[in-house]
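1. let me see the structure of the following:
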Amino acid sequence: MYEKIEAYPKTTAVLVRNHGSCSDSWISAKTQVQDDLEKGVAGAFPIPSDNAGKEEIIAPLVANVEAMIKADRKITALKQLQGHIWRTGYVNSELKGKVYEDVPEALERWQGSGIKVYIYSSGSRLAQMLIFGNTNFGDLRNIFLDSSIPQSESPDLEPSFI
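-> Now for the predicted structure:
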């Protein structure tokens, strides 16, 4: 994952400038950093108080987030920030889910043959929707089925993906 984030150079801007100092993901990240500092987690850097200027907070926050990404930590604060990064990148067409050229045809052929196609991933549902909804071959979400969450429990998901 670290290499993918490095390949997206606007990470800093997306994390901090586009999501502001009052966003839930910002607050969650700062709380995580404080907890990491108290526990002596390697790579945790102090972040100035909210009274400091935004620019003074940006560098240490980004350093902490990059350390979390590099360590491949599976923590909520990082997942929230990554979700914001991905959503912004895909919405602005700065990111595309890369699939091999034979994939769309194979998926359509399987669907046409009555074969049900599912996505299995240990990653987030939002990430999967963004990746397959914004591929280099367009939106492929209508090919996949997902029965893991009933429609009534996921009103924010598009019906074509459920």
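2. tell me, how many residues neighbour Asp50?
-> Residues lying near Asp50 (other CB atoms under 10 Å) number 11. All C-beta spots, glycine's among them, are computed from the backbone N, C-alpha and C.
3. for Gln32, same thing?
-> By other CB under 10 Å, 22 other residues sit near Gln32.
4. and for the one 4 residues further on?
-> Here the number of neighbours of Asp36 (other CB under 10 Å) works out to 20.
5. which residues touch it?
-> Gly43, Ala44, Asn64 (CB atoms under 8 Å, 6 or more residues apart in numbering).
6. got phi/psi on Val117?
-> Taking degrees, to the nearest 10, you get phi -110, psi 130 for the backbone angles of Val117.
7. looking at it, it is touching Asn142, isn't it?
-> No - the pair formed by Val117 and Asn142 falls short of the contact definition of CB atoms under 8 Å, at 10.5 Å.
8. Gln82: what secondary structure?
-> State at Gln82, reduced to three classes by DSSP: H, G, I helix; E, B strand; the rest coil: helix.
9. per-residue pLDDT, it?
-> pLDDT, Gln82: 76.
10. cool, and the one 10 residues further on?
-> At Asn92, the predicted lDDT confidence score is 83.
11. same check, this time on Thr12
-> Looking at Thr12, its pLDDT is 52.
12. next one: Val103
-> Reported pLDDT for Val103: 93.
13. cool, and Gly133?
-> For Gly133, pLDDT reads 90.
14. just checking, it touches Ser93?
-> No - applying CB under 8 Å, one finds Gly133 not in contact with Ser93, separated by 11.9 Å.
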